[in-house]
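Novice: Below are the sequence and a predicted model; questions follow.
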Amino acid sequence: MADAFADSFNRKIDYLRISVTDRCNLKCIYCMPEGGVRHFETSSMLTTGEIIRFVAAASRHGVSKVRITGGEPLLRTDILELVKSIKRLGARDLSITTNGLMLAEMAGPLKKVGLDRVNISLDTLKADRYKLLTRGGEFDRVWEAIQAAEGSGLSPVKINVVPIRGMNDDEAIEFASLTMEKDWHIRFIELMPVGQRGKWSGETRVTKAELIEKISKLGKLSLLEFKGKGPSRNYRLEGAKGVIGFISPISECFCQWCNRLRLTPNGRIRPCLFSDAGIDIITPMRRGVSDEDLDELFRRAVRLKPAGHRLKDNDFSSLSSMSKIGG
Ligand code: SAM
Ligand code: SF4
């Protein structure tokens, strides 16, 4: 595997997040507007072969960590083929972020074709509340998926929780206490101001300090060593098997360690989640671009990476939905 290619700020870019679809079988209240979003035309979305070709270019530049996300990635009918091919290209760490609704049946097959891990998004442990937050989701299916992922060896199972004041922030202790018996990672992700201007203000966001104060009632919470990669700051409760992580892009910006590029379902390389700058790869690919020129597009995208996002509290992004670019 080649050495990772560095950006203009000398950050080594070895992580690719691929949003394989903007479709979803849920409409979580903080991710999508109630009326849904306009989807990309199928013809304008990357095919299996195009995604794999781009991953090959990325791996020639030292990308060794790949996450498949969406929308809901398990809606892609070629998901097993994608996982198998990406693993064959040498991804050392291949994971999927999913809402889990379709994972119970797919965990075993996904593991078999080379998936290493999953992150399952679950914002509440209450079935009625889950239905409200996701606008219709079935909690039991996700819970079953978590057991199936664990049983299939997709480990460690990571559970993504977005705490929202007045909606689910009263469940921080219940989520944290799951780590006492299970080696799961519970990751509290700070609410990001995506679309829906005015609705998700700074007051709705729950800070890491508040969560730590609540969780500390369960016992001593120790900070684990930071290995200098990844946005999560990880802690462990005394005697716990699992880990509690906090991802706080706004209050504890981690841009200086950013090691990632994103690929959108319609074939744009997006150097930063919160910047509209991007490089079109689908058009050149469909016009027969050579591997050398595709490699140059990859390098150009890496060089485009900004030093950091300029997201401040109450500064709402132009993005209409996280599902369009992949959270
Ligand atoms: N559908 C899959 C799922 O829900 O896991 C993958 C895509 S989803 C966009 C990826 C992650 O982004 C989820 O964990 C979700 O909770 C998170 N997310 C979506 N909108 C968000 C927002 N406004 N702020 C913070 N996280 C968000
Ligand atoms: Fe769909 Fe995931 Fe967004 Fe929820 S967070 S609407 S599951 S893409």
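Specialist: Looks like it arrived, so ask away. Ligands and ions are numbered 1, 2, ... in the order given.
Novice: Just give me how far the one helix or strand in the chain whose mean pLDDT sits lowest sits from the chain centre.
Specialist: Of all helical and strand segments in the chain, the minimum by mean pLDDT, DSSP states H and E falls on strand 5-6, at a mean of 88. Here strand 5-6 is found 22 Å from its chain centre; the criterion is CA atoms, centre = their mean, to the nearest Å.
Novice: what lines up beside it in the sheet?
Specialist: strand 12-13 (antiparallel) (DSSP bridges).
Novice: For the helix or strand following the partner strand, what is the distance to the chain centroid?
Specialist: Next helix or strand after strand 12-13 toward the C-terminus (DSSP states H and E): strand 15-19. Distance of strand 15-19 from the chain centroid (CA atoms, centre = their mean) equals 8 Å.
Novice: Determine the set of other helices and strands touching strand 15-19.
Specialist: helix 48-60, strand 65-69, strand 260-263 (3 or more CB pairs under 8 Å, 6 or more residues apart in numbering; DSSP states H and E). (C-beta placed from N, C-alpha, C; glycine too.)
Novice: got the buried residues for the first one?
Specialist: If I follow you right, that is helix 48-60. Glu50, Ile51, Ile52, Arg53, Phe54, Val55, Ala56, Ala57, Ala58, Ser59, Arg60 (16 or more other CB atoms under 10 Å).
Novice: what number of residues lie near the residue nearest to the first one when sequence neighbours are not counted?
Specialist: Okay, so that is Glu50. Distances taken as CB to CB, 6 or more residues apart in numbering put Met285 closest to Glu50, at 5.4 Å, once the chain neighbours are dropped. Met285 sits with 19 neighbouring residues when counted by other CB atoms under 10 Å.
Novice: per-residue confidence averaged over the helix or strand encompassing Met285?
Specialist: Using DSSP H and E, Met285 sits in helix 282-286. Computed over helix 282-286, the mean pLDDT rounds to 98.
Novice: what residues does this protein put near ligand 2?
Specialist: 24, 26-28, 31-32, 70-72, 99, 121, 322-323 (CB under 6 Å from any ligand atom).
Novice: Just the ones of those in helices?
Specialist: Per DSSP state H, helices hold no members of these.
Novice: now the strands for the stretch 101-250 of the chain?
Specialist: Per DSSP state E, counting those that start in this stretch, the stretch 101-250 of the chain carries strands over the ranges 117-121, 158-161, 185-189, 221-223, 233-237, 243-247.
Novice: Now do the first one: which elements does it pack against?
Specialist: Using 3+ CB pairs under 8 Å, 6+ apart as the contact criterion, the elements in contact with strand 117-121 are strand 93-98, helix 103-112, helix 139-151, strand 158-161.
Novice: Recalculate using a threshold of 6 Å.
Specialist: Applying 3 or more CB pairs under 6 Å, 6 or more residues apart in numbering; DSSP states H and E, we find strand 117-121 packed against strand 93-98, strand 158-161.
Novice: just the fifth one next, same as before
Specialist: In this structure, strand 233-237 makes packing contacts with strand 221-223, strand 243-247, judged by 3+ CB pairs under 6 Å, 6+ apart.
Novice: State the pLDDT value of His309.
Specialist: Model confidence at His309, given as pLDDT, is 70.
Novice: so it touches Phe274, yeah?
Specialist: Yes - when contacts are counted by CB atoms under 6 Å, His309 is listed as touching Phe274 (4.0 Å).
Novice: So which bits of the protein are right by ligand 1?
Specialist: Counting by CB under 6 Å from any ligand atom, the residues of the chain near ligand 1 are 24, 30-31, 69-72, 97-99, 121, 160, 162, 189, 191-192, 194, 322-323, 327.
Novice: if we go to 8 Å?
Specialist: Contacts of the chain with ligand 1, taken as CB under 8 Å from any ligand atom, map to 19, 24, 26, 28, 30-31, 69-73, 97-100, 119-121, 123, 160-162, 189-195, 200, 321-323, 326-327.
Novice: returning to that earlier point: mind putting the helices and strands packed on strand 117-121 in CSV, mean neighbour count included?
Specialist: Converted to CSV, those look like this (neighbours: other CB atoms under 10 Å):
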stretch, mean neighbour count
strand 93-98, 22
strand 158-161, 22
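Novice: Please point out which parts of the helix holding Met285 sit buried.
Specialist: Ile282, Pro284, Met285.
Novice: likewise stretch 240-249?
Specialist: Ala240, Gly242, Val243, Ile244, Gly245, Phe246, Ile247, Ser248, Pro249.
Novice: out of those residues, which one sits closest to Ser290?
Specialist: Distance to Ser290, by CB to CB, is smallest for Pro249 among the buried residues of stretch 240-249, at 36.6 Å.
Novice: List phi and psi for the closest one.
Specialist: phi -60, psi -20 (degrees, to the nearest 10).
Novice: so how far is Glu296 from it?
Specialist: For Pro249, the distance to Glu296 equals 30 Å [CB to CB, to the nearest Å].
Novice: Show the pLDDT at Ile277.
Specialist: If you look again at residue 277, you'll see it is Ala, not Ile. pLDDT at Ala277 comes out at 79.
Novice: What is the neighbour count of the closest residue to Gly308 other than its chain neighbours?
Specialist: Among residues not flanking Gly308 along the chain, Cys255 sits closest, at 3.2 Å (CB to CB, 6+ apart). By the criterion of other CB under 10 Å, Cys255 has 18 neighbours.
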